[in-house]
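Student: here is the input, now give the coordinates:
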Amino acid sequence: MITNVFKCNMIVSNASTLILLAKVGVIRKFLDEYGQIAIPVEVELEITEGDTFDSKLLKKEIDDAHIKVIKIKSNTAEIMKEFRIHKGEASAYMLFNECEAKVILTDDGELIKLCKLFKIPFINALAIIVRMYERGTLTQKEACDYLKKLNDYGRYSKEIYCYFKKEVNCP
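Tutor: Have a look, this model is predicted:
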């Protein structure tokens, strides 16, 4: 179901982080912990395309209303051109601004640069695992296992991965 609510005051995500959390098997725990998140229509298309396990899992989360799909009002062409980001990332950025969201979930390097430029709070999949560990949702072993799996799937630098491993005291 697509809505046009613009005071979502929640977490907005692009595709990268949701796909990574689904691939490593922690998306349900994440949504249970943090509540409903919002995505633009363009991101829905990205995360549900294909016949993969993670796309089916994310489609179910949308169907179960844990992930809310919102149609943005803004045109993304200018921001896509100016910052060389793709449609999904541009739409997530616009949705963040339109609905006064709290934070953007992203593991996309270009969207992270845009967030830093405009001082927009963002969090990546590795940081989500650390926060879930700090809150007691994940054990140290679970957190270390998820961090390892994320590193295997994601395109993190060695420094970034080591930083988050250290936060959880992983071996």
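Student: I'd assumed Leu147 was in contact with Ala168.
Tutor: Small correction: residue 168 is Val, not Ala. Yes - Val168 is within contact range of Leu147, at 6.6 Å (criterion: Cβ atoms under 8 Å). (Glycine included, C-beta is placed from N, CA and C.)
Student: neighbour count winner among the two?
Tutor: Leu147 (25 against 21; other Cβ atoms under 10 Å).
Student: what mean pLDDT does stretch 140-152 get?
Tutor: Averaging pLDDT along stretch 140-152 gives 98.
Student: then stretch 57-68?
Tutor: pLDDT averaged over stretch 57-68 gives 97.
Student: list the buried residues of that stretch.
Tutor: Leu57, Leu58, Glu61, Ile62, His66, Ile67, Lys68 (16 or more other Cβ atoms under 10 Å).
Student: between Val168 and Leu147, what contacts are shared?
Tutor: Common contacts of Val168 and Leu147 (Cβ atoms under 8 Å, 6 or more residues apart in numbering): Ile129, Val130.
Student: give me the contact list for stretch 20-28.
Tutor: Under Cβ under 8 Å, 6+ apart, the answer for stretch 20-28 is 18, 30, 47, 53-55, 57-58, 61, 107, 125, 128-129, 132, 138, 146, 149-150, 153-154.
Student: same question, stretch 142-161
Tutor: 20, 23-26, 107, 125-126, 129-130, 132-133, 138, 164-165, 168, 170-171.
Student: any buried residues in the lengthiest helix in the chain, and which?
Tutor: Looking across the chain with DSSP state H, the single longest helix is helix 140-153. For helix 140-153, the buried set under the neighbour-count rule, 16+ other Cβ under 10 Å, comprises Glu142, Ala143, Cys144, Asp145, Tyr146, Leu147, Lys149, Leu150, Asn151.
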